[in-house]
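Peer 1: quick one: sequence and predicted model below, then my questions.
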Amino acid sequence: MPHVNWRTDVADLLLQTSRAINARHDKGAIQSLGTALFYLEKARAAGESGAGEILDRLRSDAFENPTERFTFAPGELEEITRRERA
């Protein structure tokens, strides 16, 4: 990958994805998430093991252990649930 800071790019794109989802802008979410995945693929192809681990984890556990992928801070899940009900 020509630029070294793929982690920052992917993190920024995931933030954009989050904002688009929250704003109900599905096309924007699809675009930023797709770009983030593309950057991960490029980083893995360039030998970045962290990118490969992230992609492997997304693919292998997506349906096998759906709740294992998420870690919440104390009270965070309850706050999310309260916001969804409001």
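Peer 2: On my side now, so go ahead. Numbering: from 1, shown residues only.
Peer 1: hey, which helix or strand in this structure has the poorest pLDDT?
Peer 2: helix 76-85 (a mean of 77; mean pLDDT, DSSP states H and E).
Peer 1: ranges for the strands of the protein?
Peer 2: Read by DSSP state E, the chain holds no strands at all.
Peer 1: low-confidence bits of it, can you list those?
Peer 2: For the chain, residues meeting the criterion pLDDT under 70 lie at 1-4, 60-72, 86.
Peer 1: need the residue closest to the centroid of it.
Peer 2: The centre of the chain sits closest to Leu14, judged by Cα atoms, centre = their mean, with a distance of 5.2 Å.
Peer 1: check contacts around it.
Peer 2: Taking Cβ atoms under 8 Å, 6 or more residues apart in numbering, we find Leu14 in contact with 32-33, 36. Placement of C-beta: from N, CA and C, glycine included.
Peer 1: with neighbour count and distance to Glu78 added, can I get those residues in CSV?
Peer 2: Shown next, in CSV, are the contacts of Leu14 (neighbours: other Cβ atoms under 10 Å; distance: Cβ to Cβ, whole Å):
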residue, neighbour count, distance to Glu78
Ser32, 21, 28
Leu33, 17, 27
Ala36, 21, 28
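Peer 1: which of the residues you listed fall in helices?
Peer 2: Among those, the ones falling in helices (DSSP state H) are 32-33, 36.
Peer 1: quick check: closest non-adjacent residue to Ser32.
Peer 2: Gln16 (4.0 Å; Cβ to Cβ, 6 or more residues apart in numbering).
Peer 1: and if you look at Ala36?
Peer 2: Of all residues not flanking Ala36 in the chain, Leu13 sits nearest, at 3.8 Å (Cβ to Cβ, 6+ apart).
Peer 1: tell me which stretches of the chain form helices.
Peer 2: 6-22, 26-45, 49-61, 76-85.
Peer 1: pull out the buried positions in stretch 39-57.
Peer 2: 39-40, 42-44, 48, 51, 54 (16 or more other Cβ atoms under 10 Å).
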